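A.B. asks: here you go, sequence then predicted model.
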Amino acid sequence: MAETRKRTGLGALAQAGGDEDFSVIDAIGGPRGVVESMLPGVVFVVLFVVTNDLDLTIGVSAALAVAQVLIRLVQRQSVMGALSGLIAVGICLVWAWKSHEARNYYMFGFLTNGVYAVLLAVSLAARVPGLGLVIEFIRQLPTERFGAWFHDWMDDAPLRRAYTAVTALWLGLFALRLAVQVPLYLTDHVAALGVTRLIMGIPFWALAIWVSYLVIATPLHRHKAAVKAAETADADAAGAAGPTGDAETTAGTDGPAHQTGQDR
């Protein structure tokens, strides 16, 4: 029997409260995924600081990102993570190449962190925690009856509070990245910016996922248990009502009003 593919990122949090053990390493893509995510950034900052040659740095970083995808293709492994990483790295490299400034390699990251921070802040202001929306959407796709899906978790006060807490946590993460890195960008400290970006990238991402799991695991487990208990109770009630309805139907068909002409 094939092993179920483990989810990563916020998808891993959607499985919190279940029977499976939670692994931060698996949640951030496993050891290979971590290396593939960090390697282009490490190569970019180290090579540029050593050579001060932006074109060479861009060429080597691009070749490395493409090689990671090709190696996965040759090994017949999933390329989605590496491919998404290639697209992101490609945008960063093109931005640096077009502007002829190494620091603009990090501009795309500023924009994404800024967008995420704004969206999460708006969700908190609207009292609909953004992380809750995403996790619940992954956990149970609302294909129909959106209102029932929405109220199912929003009306669970402990779960909603947990989602609000982790939404504030992730908002703080994105805001902290911008507060630390943007001044380094503005002062053109490329080496310091690159190192800071690496430290506040995967390590902070892993820490945020781990803390988020600790916050939501218990209320999500209780929510799943309550939903399962309610479904079981409804099924038992339907089962109990079934034989009674059948008996009434049988009695009705055997009564005088339903006798055939031969019986008369």
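C.D. replies: Yep, it's here.

A.B. asks: chain center to the helix of greatest length in the chain: distance?
C.D. replies: If you go by DSSP state H, the chain has its longest helix at helix 202-254. Relative to the chain's own centre, helix 202-254 is displaced by 24 Å; criterion: C-alpha atoms, centre = their mean, to the nearest Å.

A.B. asks: can you report phi and psi for residue 22?
C.D. replies: phi -90, psi 130 (degrees, to the nearest 10).

A.B. asks: what's near enough to touch it?
C.D. replies: 12, 15, 16, 213, 217 (C-beta atoms under 8 Å, 6 or more residues apart in numbering). The way it works is simple: take the backbone N, C-alpha and C, and place the C-beta from them, glycine included.

A.B. asks: if we use 10 Å, what do you get?
C.D. replies: For residue 22, the contact set (C-beta atoms under 10 Å, 6 or more residues apart in numbering) comprises 12, 13, 15, 16, 209, 210, 213, 214, 217.

A.B. asks: buried members of those into PyMOL, please.
C.D. replies: To isolate the buried ones among the contacts of residue 22 in PyMOL, judged by 16 or more other C-beta atoms under 10 Å, type:
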select buried, resi 12+13+15+16+209+213+217
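
A.B. asks: residues near the nearest residue to residue 25 once chain neighbours are set aside, how many?
C.D. replies: Spatially, and ignoring its direct neighbours in sequence, residue 25 is nearest to residue 31 (6.6 Å; C-beta to C-beta, 6 or more residues apart in numbering). When neighbours are counted by other C-beta atoms under 10 Å, residue 31 registers 10.

A.B. asks: quick check: residue 31 vs residue 206, distance?
C.D. replies: Taking C-beta to C-beta, to the nearest Å as the measure, residue 31 falls 12 Å from residue 206.

A.B. asks: which neighbours do these two share?
C.D. replies: Joint contacts of residue 31 and residue 206 (C-beta under 10 Å, 6+ apart) are residue 25.

A.B. asks: re earlier: let me know the helix or strand that the residue nearest to residue 25 is in.
C.D. replies: Using DSSP states H and E, residue 31 falls within helix 30-51.

A.B. asks: buried residues, the following helix or strand past that helix. List them.
C.D. replies: Going down the chain from helix 30-51, the next helix or strand is helix 54-74, by DSSP H and E. Under the neighbour-count criterion of 16+ other C-beta under 10 Å, helix 54-74 has 54, 57, 58, 60, 61, 62, 64, 65, 68, 69, 72 buried.

A.B. asks: and for stretch 154-168?
C.D. replies: Buried-residue list, stretch 154-168, by 16+ other C-beta under 10 Å: 154, 156, 159, 160, 162, 163, 164, 166, 167.

A.B. asks: now do stretch 34-54
C.D. replies: Those would be 34, 36, 37, 39, 40, 41, 43, 44, 45, 47, 48, 54, for stretch 34-54 by 16+ other C-beta under 10 Å.

A.B. asks: over to stretch 197-213?
C.D. replies: Within stretch 197-213, the residues that count as buried by 16+ other C-beta under 10 Å are 197, 200, 202, 205, 206, 208, 209, 212, 213.

A.B. asks: cool, stretch 122-133 as well?
C.D. replies: 123, 124, 128, 129, 130, 131, 132, 133.

A.B. asks: quickly find the element holding residue 8.
C.D. replies: Residue 8 belongs to no helix or strand when elements are defined using DSSP H and E.

A.B. asks: just checking, it touches residue 138?
C.D. replies: No: Residue 8 lies out of contact with residue 138 (C-beta atoms under 10 Å); the separation is 11.2 Å.
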